[in-house]
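# Output the structure for:
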Amino acid sequence: MSARDLGKCYRIYGFPKDKLKEVLLLGRRVYHREFWALREVSFEVNKGETVGIVGRNGSGKSTLLQILSGTLAPTTGTADIYGRVSALLELGSGFSPEFTGKENVYMNASILGLSRKEIDERYDEIVEFADIGQFIDQPVRTYSSGMYVRLAFAVAINVEPQVLLVDEALSVGDEIFQRKCFSRIRSLKEKGCSILFVSHSGATVIDLCDRAMLLDGGECLLSGAPKLVVANYLKLVSAPHEEQHRLREEIRSRKELSPESTEKESIEAARFDNDQQPEYMPFYDPGLVPKTTVRYVSRGAEILDPKITTVDGEIVNNLVGGQDYIYCYKARFLDDAFEVRFGMLIKTLTGFELGGATNATLEEAMPAVVAGTVIDVKFRFRCLLLPGAYFLNCGILGSITGQEEFLDRCVDAVMFRVQPSKGSRASAVVDFMINSHIAIKHRPTLMP
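Predicted coordinates for the structure are as follows:
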């Protein structure tokens, strides 16, 4: 799947009669203004690749997917899609409200290219996946929003598409259904299906996608590693209005971030040198510096000198599992702030969020902090992570305008690694230090 210079322009008229005037005057007088919902967007999605698209409402995400699905014609550019396309763009799109669920299954699947025989063979699987019971024989207009999306997704993924387009539809289903959907999406990906996935959930994009794109104002501002694209997206949406234009230009200047480049740098920096220090001793490696740090625009406070120390105050970034450490930073307030709290977050190399904390609940927040104040923030944590490299975020939460928001935030502020340890039986990412005990209830006697 590829797109070249895709653009979509709409004519906006001040009054309905202005459109008629323009037609009658054969265009000699213009009564409209142009609105570009999408402008010069180019990208490629390889076979078996999942690409996430993030952006604010009105950024052009849905317009892009509609053009790719063929339901909307582009004003400029071309889109080439190879293979069967299955799209889940809007809730119940393509469904007739007066038809039953069963009738809509056959109609939708036939539109997607399946023969009657193929639909018959897959019908039971579609119904089982949708799990809407006897409602399958009821008119779709009687369905709840959750039932709509269950049936629509069940049809979309059971036609064995080569290209799958998903536009935020999965946010409607319950947690169990969403898990089932994501499991099926991963299964399709393993079979070589190309997936374009629109979501406002940064964590989902990081977890599911190989690459991500940030759309804003109809333009692709950034493309690359999901965690870095998501970090810049969150930075953009949280910035003050007067800083939006500057930030857009700053992000646009980076334009293309190789999905591997930034993580490769981090992985290289995180390589272990077993001869550097004795095992089981925490130490500081000056070369272990994050390459993916993203700083938010300050809203009256700033984070200074984030670091990890031992409980005795020694700065370290190579930790030993099972020991306690202090994650600390200074918070300097440039303006008066209210309801102030502080936070931290631990993530994997790919950006998956493992856990974090704030120093207080909203009810326990500091009522007021005057400008000029500097506060030492410290979080004590026990390192229960398996060997590998990790990142730490930090943030200052507070209220200036009456609503809680980040006064300052730093993504990937500190990078650290956990050293290999002998004898560990833990798996996955977190070592819960589970003690196992096996009791043999019966031991059969071996026959001579």
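# Which pLDDT value belongs to residue 314?
We note a pLDDT of 96 for residue 314 in this prediction.
# so what's it up against?
282, 284 (CB atoms under 8 Å, 6 or more residues apart in numbering). (Glycine included, C-beta is placed from N, CA and C.)
# Backbone dihedrals for it, please?
phi -80, psi 130 (degrees, to the nearest 10).
# Residue 194 is in contact with residue 47, isn't it?
Yes - using CB atoms under 8 Å, residue 194 is in contact with residue 47, at 5.8 Å.
# which one of the two has more residues nearby?
residue 194 (24 against 14; other CB atoms under 10 Å).
# What pLDDT is listed against the more buried one?
Per the predicted model, pLDDT is 93 at residue 194.
# please renumber so the chain begins at 683
Sounds good: first residue 683 from here, last item residue 876.
# Kindly state the beta-bridge partners for it.
In this structure, residue 876 bridges to residue 845 when assessed by DSSP bridges.
# so how far is residue 787 from it?
The spacing between residue 876 and residue 787, counted by CB to CB, to the nearest Å, is 24 Å.
# what's the answer for residue 834, then?
Distance from residue 834 to residue 787, by CB to CB: 10 Å.
# ok, now residue 898?
Where residue 787 is concerned, residue 898 sits at a distance of 37 Å (CB to CB).
# Ok, residue 737 next?
Distance from residue 737 to residue 787, by CB to CB: 32 Å.
# Ok, residue 685 next?
Residue 685 is 30 Å from residue 787, by CB to CB.
# my read: residue 787 touches residue 837, true?
Yes - the criterion here is CB under 8 Å, and residue 787 meets it with residue 837 at 5.7 Å.
# Can you give me the domain assignment for the protein?
Here the chain is described, according to automatic domain parsing, as comprising the domains 684-938, 956-1100.
# Of those domains, which shows the lowest average pLDDT?
Note on these: lowest mean pLDDT is at domain 684-938, with a mean of 87.
# Now name the helix or strand holding the closest residue to residue 1079 other than its chain neighbours.
Closest residue to residue 1079 apart from its sequence neighbours, by CB to CB, 6 or more residues apart in numbering: residue 1023 at 4.4 Å. Using DSSP states H and E, residue 1023 maps to strand 1019-1030.
# partner strands of the next helix-or-strand element following that strand, parallel or antiparallel?
As assigned by DSSP H and E, the chain's next helix or strand after strand 1019-1030 is strand 1035-1040. Strand pairing for strand 1035-1040, determined by DSSP bridges: strand 1019-1030 (antiparallel).
# Residue 1067 against residue 1103, yeah?
No - using CB under 8 Å, residue 1067 is not in contact with residue 1103, being 11.0 Å away.
# These two: who's more crowded?
Taking neighbours as other CB under 10 Å, residue 1067 and residue 1103 compare with residue 1067 leading, 22 against 15.
# how far does the lengthiest strand in the chain sit from the chain's center?
Determined from DSSP state E, the single longest strand within the chain is strand 1086-1100. Centre-to-centre, strand 1086-1100 and its host chain are 17 Å apart (CA atoms, centre = their mean, to the nearest Å).
# Go through stretch 976-984 and flag the buried ones.
976, 978-984 (16 or more other CB atoms under 10 Å).
# List the neighbours of that stretch that are in contact with it.
Here stretch 976-984 makes contact (CB under 8 Å, 6+ apart) with 910, 913-914, 917, 920-922, 925, 929, 1013-1019, 1053, 1078, 1080, 1082, 1087-1094.
# rerun at 6 Å
913, 917, 920-921, 925, 1014-1017, 1019, 1078, 1082, 1088-1093 (CB atoms under 6 Å, 6 or more residues apart in numbering).
# Where do the strands of the stretch 833-982 of the chain begin and end?
With DSSP state E, counting those that start in this stretch as the criterion, the stretch 833-982 of the chain has strands at 845-849, 876-880, 893-898, 901-906, 937-938, 976-977.
# Output the ones you listed in TSV, with distance to residue 765 appended to each entry.
Formatted as TSV, the strands of the stretch 833-982 of the chain follow (distance: least, CB to CB, whole Å):
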stretch	distance to residue 765
strand 845-849	6
strand 876-880	8
strand 893-898	19
strand 901-906	23
strand 937-938	26
strand 976-977	36
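# Looking at those strands, which is nearest to residue 1057?
strand 976-977 (18.6 Å; CB to CB).
# Could you check how far that closest one is from the centre of its chain?
Worked out by CA atoms, centre = their mean, strand 976-977 lies 17 Å from the chain centre.
# angle of whatever helix or strand comes next after it against strand 1019-1030?
Sequence order places strand 983-992 as the next helix or strand after strand 976-977, per DSSP H and E. Going by axes from the mean of the first three to the mean of the last three CA atoms, to 10 degrees, strand 983-992 is angled at 50 degrees with respect to strand 1019-1030.
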